[in-house]
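Participant: predicted model follows, preceded by the sequence.
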Amino acid sequence: MNRVWNGVFDLPRSSLSPISPLARILVFALFCLVFSACSVGDFLGAYFNTYYNAQRAFTEAEEEVWNQPELKQQGSGRNYLAPFNVSQNAKTKFASVIEKGSKLLEYHPESKLVDDALLMIGKSFFYQSDYPQAERKFKELIDGYPESDLVLEARMLMAYSFYRKGDRAMAVTYAIALLEDAKKEGEDDVIAYTSFLLAQQDVEDKNYNLALGHFLDAADNAPTREQRAYAFLNAAEMYNKMEDYAKAEDAYARATSQSPNYLGEYKGEIGVARMLSKQGKYEESLELLEDLREDTNNKEFYGEIELEIANIYRDRGTLADAVEQYRYVDTAYARTEFSANSYYQLGLLYENVVGLYDSARVAYTKGRTEAGQNSTVAPLLTRRADYMIKHAAFSAEIRKMDSLRIYWLTPRDTVAPAVDSTAQDTSGGKKVGVADSAKAKVPQLPPLPLDSVLTRMASAKSELATLFYTGIGRTDSALYWYRNLITDHPKNPLVPRAIFSIAQIYRQDSTVARSAVDSLYHQLVDQYPQTQYAAEARRELGMAAAITSPDTAEMLYHQAERAMLAGRNENAIDTLMIIVQAYPTSPFAPRAEYAVGWLYEQVLEQPDSAIANYQRLRAKHPSSTYAASVQPKLVEVEMKIKAAADSAARKAAADSVALNAVRDSVAHKGVRDSVDHRAVADSAGRKQVAPPDSLQDQVIEDEPPPSAPTEGAPTDADSTEIGRRRPPPPNQERRNLE
């Protein structure tokens, strides 16, 4: 029985094929019928119904996984490195596979189908990204059935499980051993899949030469034309990264010839066009791209073709044509990956070729709005836009601080006559400016003192230099700003960092002698021995580390930090103030002053005390980074105080003007009343004065009695206002005349 079993069931099987186990079942069923060695009904119930249903569910679920549109679009065949988006329907089928396979393992552990069941269960977990469970089942197969022809596939999937869960080192170690065994046994498909895994790891480590070898191995051993084309495409990209454009062109052409569909052919042909352009064969490249554009099969890639045409214009130096073509792509293929890529390339052109950083910032920023959530270029656009925004901010800060510096260093005439804007032009009735020598011009001081201006300018230069060095990637610009910082701000604490950065840039430049680098290191050791950069310079020069005695100020500062962490804020302030008062020249003095202000501001909520400490910090240590960090806060407070004082002064001035106006009005009214009253008195006096003698009797006879005054004559009320100016009564006047 065992001999027959072994002879029938140990048939050759493709290690990646799920069909052979079914054939084994059918053969075994026929054996049972012929020899009556077992119950056919029992066999079909225990094996066929369970295993066959599990295998059918697994096949359907696996096909659904690999038929995902995003995986099909890769044109890579079955790529176990690709992300799986398993639908709920497929998950249900995988769950059924795990359930039925587990029953077979439980009730028929001696069955020759156990290794098949273990592999199906392990792969069901693998597709659902449950890698620990998948590894457990693969290991059961590998350890329990070492002679199974499924072991190599299980080992290959074990390596992929290690990689996908993040254990890259274990994945590489496992895959290298597997590749050697697969080559010995001539398992081409396992060789190909393992080579893809190792190549991916080398690409991530930027070992492009090693990755190239693995991709070429995969191309030679891959089981399908689609996978071979995919391997050649990746090999071409490795040649491209190593700047071997002729071999890259050849690899792209081989990918085109291997591809079984138009997608692979297009990828190979556009790759050839790119490599022709990089070899300076612009006309050949443009001709190939125009042929691709005329092929309607490539309609979905027209945006990419137009973008490549723009890139060729850029590469051959016709920048105006390139900009126009990029803008065409932006408009014609808006809200697509092609548009986002076009904005990115346009930004690079402005940034690296033309040197227009503001235009580059606009292009990168617009590109971010074009990129979708899954865009591969979106992170690049975001990073470059951030660099350009920072560049604009640092540059603006330098310009602003430089204008304030010039203001402080330029002599000012403080006695120049001011302009009296209240003067009236009597000819036209409009206000005109007239020099008023009695008013002295009051200069408006800038919001920052000169020390703070210089500190902030130095900080902005340092940040801009670092941005060019570590972000934008322009070491020439970085060197310019580092040197500018050293020359214009020699006493700033950022100078040692600038010197060290210049040394690092020189180290990466093969044209710069090592002696120039060492000279900068010696400068750090000699002039800035207490800095961390000097310590690093000593290490680079092979010098012994500097021996330093314990710093009491540093010890006290750490003691204060421990008190802060324990919530003993008053004790911390007392300790920090000891540093401020007893060690004013220590590097920890400005830190301590800042820490006191911070405690008052953030913990104890005493803003007045915080501001007082910040002001002392600025006065004592104006060039420190801590003073620079609190300067905006102080400026804000001081501007509020100044605004309040100005408001009070304006109100007092307005009140004074209003009071003077009232006084002037009253005075003018009194003058007018006096003049009016004189006029009335003079009129009444002229009317009642005794006429000449010839008319005297007539006037006396015609004069009415006092009780009935003549019309127009002053009344008693008038006499009250006029007072002494009232003419005397007629009878009294007669006696005076007599």
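Facilitator: Right, received. Where do you want to start? Numbering: from 1, shown residues only.
Participant: quick check: chain neighbours aside, which residue is closest to residue 121?
Facilitator: residue 101 (4.5 Å; Cβ to Cβ, 6 or more residues apart in numbering). Where you see a C-beta, it was placed from the backbone N, CA and C, and this is true even at glycine.
Participant: and residue 411, how many residues sit next to it?
Facilitator: Neighbourhood size, residue 411 [other Cβ atoms under 10 Å]: 5.
Participant: also residue 285?
Facilitator: Residue 285: 25 neighbours (other Cβ under 10 Å).
Participant: same check, this time on residue 483
Facilitator: 15.
Participant: please report the distance of it from residue 135.
Facilitator: According to Cβ to Cβ, to the nearest Å, residue 483 and residue 135 sit 56 Å apart.
Participant: all helices for the stretch 51-200 of the chain, in order.
Facilitator: Here the stretch 51-200 of the chain has its helices, by DSSP state H, counting those that start in this stretch, at 53-66, 69-72, 88-107, 114-127, 131-144, 151-164, 168-185, 188-204.
Participant: lowest mean pLDDT across the ones you listed, which one is that?
Facilitator: Ranked by mean pLDDT, the helices of the stretch 51-200 of the chain end with helix 69-72 at the bottom, a mean of 71.
Participant: contacts for that one?
Facilitator: Here helix 69-72 makes contact (Cβ atoms under 8 Å, 6 or more residues apart in numbering) with 65, 79, 82, 85.
Participant: now the third one: closest residue in space that isn't a chain neighbour?
Facilitator: Spatial nearest neighbour of residue 82, excluding adjacent residues (Cβ to Cβ, 6+ apart): residue 71 at 5.5 Å.
Participant: now for the one you found, how many residues are close by?
Facilitator: Residue 71: 18 neighbours (other Cβ under 10 Å).
Participant: same thing with residue 95?
Facilitator: Here the number of neighbours of residue 95 (other Cβ under 10 Å) works out to 14.
Participant: same thing with residue 657?
Facilitator: 10.
Participant: which element, helix or strand, includes it?
Facilitator: Assigned by DSSP states H and E, residue 657 belongs to helix 625-688.
Participant: and residue 561, what's its pLDDT?
Facilitator: pLDDT, residue 561: 87.
Participant: ok, now residue 698?
Facilitator: Here the pLDDT value assigned to residue 698 is 39.
Participant: before we move on, what about residue 440?
Facilitator: pLDDT recorded at residue 440 is 47.
Participant: swap in residue 49?
Facilitator: 76.
Participant: circling back to that earlier point, so which of the contacts of helix 69-72 is the closest to residue 151?
Facilitator: Nearest to residue 151 among the contacts of helix 69-72 is residue 79, at 22.3 Å by Cβ to Cβ.
Participant: shaky segments in this structure?
Facilitator: 1-48, 72-75, 412-447, 547-550, 642, 658, 661-738 (pLDDT under 70).
Participant: outline the domain layout of it.
Facilitator: For the chain, automatic domain parsing gives the domain ranges 1-166, 450-541, 558-623, 646-686+712-738.
Participant: that older thread, give me the distance between the residue nearest to residue 82 and residue 238.
Facilitator: Taking Cβ to Cβ as the measure, residue 71 falls 23 Å from residue 238.
Participant: which element, helix or strand, includes the spatially most central residue of the chain?
Facilitator: Geometric centre of the chain, nearest residue: residue 386, 4.5 Å, by Cα atoms, centre = their mean. Following DSSP H and E, one finds residue 386 within helix 378-409.
Participant: before we move on, what about residue 453?
Facilitator: Element membership for residue 453 (DSSP H and E) is helix 450-466.
Participant: quick one, that helix and helix 378-409 angle?
Facilitator: Counting by axes from the mean of the first three to the mean of the last three Cα atoms, to 10 degrees, helix 450-466 lies at 150 degrees to helix 378-409.
Participant: can you offset everything so residue one is 404?
Facilitator: Done: numbering now begins at 404, and the last item shifts to helix 853-869.
Participant: does anything pack onto helix 853-869? Which helices or strands?
Facilitator: Helix 853-869 sits against helix 781-812, helix 878-891, helix 898-910, helix 1028-1091, with contacts defined as 3 or more Cβ pairs under 8 Å, 6 or more residues apart in numbering; DSSP states H and E.
Participant: residues of it that come out buried?
Facilitator: By 16 or more other Cβ atoms under 10 Å, the buried positions in helix 853-869 come out as 854-869.
Participant: again, but for stretch 555-570
Facilitator: Buried residues in stretch 555-570, counting neighbours by 16+ other Cβ under 10 Å, are found at 555-568.
Participant: can you give me how far it is from the chain middle?
Facilitator: Using Cα atoms, centre = their mean, to the nearest Å, the mean C-alpha position of stretch 555-570 is found 36 Å from that of the whole chain.
Participant: could you dump it to CSV, C-alpha only?
Facilitator: Provided in CSV are the C-alpha atoms of stretch 555-570 (Å, rounded to 0.1, in the frame of the first residue of the first chain):
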residue,chain,number,x,y,z
LEU,A,555,11.4,26.2,-2.0
GLU,A,556,8.2,28.2,-2.6
ALA,A,557,7.5,28.2,1.1
ARG,A,558,11.0,29.5,1.8
MET,A,559,10.6,32.2,-0.9
LEU,A,560,7.3,33.4,0.6
MET,A,561,8.9,33.3,4.1
ALA,A,562,11.6,35.7,2.9
TYR,A,563,8.9,38.0,1.4
SER,A,564,7.1,37.8,4.8
PHE,A,565,10.2,39.0,6.6
TYR,A,566,10.6,41.8,4.2
ARG,A,567,7.0,43.0,4.2
LYS,A,568,6.8,43.1,8.0
GLY,A,569,10.0,45.2,8.1
ASP,A,570,12.7,42.7,9.1
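Participant: buried residues, the strand or helix carrying residue 730. List them.
Facilitator: Following DSSP H and E, the helix or strand that holds residue 730 is helix 722-735. For helix 722-735, a neighbour-count test (16+ other Cβ under 10 Å) marks 725-726, 728-729, 732-733 as buried.
Participant: identify the farthest-apart pair in these.
Facilitator: 725 and 733 (12.6 Å).
Participant: mind saving the C-alpha coords of the helix holding residue 730 as CSV?
Facilitator: What follows is helix 722-735 as a C-alpha-only set of coordinates in CSV (Å, rounded to 0.1, in the frame of the first residue of the first chain):
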residue,chain,number,x,y,z
LEU,A,722,14.3,77.1,-22.3
ALA,A,723,11.6,79.3,-23.8
ASP,A,724,10.2,76.3,-25.7
ALA,A,725,10.5,74.2,-22.6
VAL,A,726,8.6,76.7,-20.4
GLU,A,727,5.8,77.0,-23.0
GLN,A,728,5.5,73.2,-23.3
TYR,A,729,5.4,72.7,-19.5
ARG,A,730,2.6,75.3,-19.3
TYR,A,731,0.7,73.5,-22.1
VAL,A,732,0.9,70.3,-20.1
ASP,A,733,-0.3,72.1,-17.0
THR,A,734,-3.4,73.4,-18.8
ALA,A,735,-4.2,70.5,-21.1
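Participant: right, and the helix or strand after it?
Facilitator: Counting by DSSP H and E, the next helix or strand C-terminal to helix 722-735 is helix 740-751.
Participant: elements contacting the helix or strand following that next one?
Facilitator: Scanning forward in sequence from helix 740-751 by DSSP H and E, the next helix or strand is helix 760-773. Here helix 760-773 touches helix 740-751, helix 781-812, going by 3+ Cβ pairs under 8 Å, 6+ apart.
Participant: so who does the closest residue to residue 934 other than its chain neighbours touch?
Facilitator: Distances taken as Cβ to Cβ, 6+ apart put residue 899 closest to residue 934, at 4.6 Å, once the chain neighbours are dropped. The contact partners of residue 899, taken as Cβ under 8 Å, 6+ apart, are 927, 930-931, 934, 936-937.
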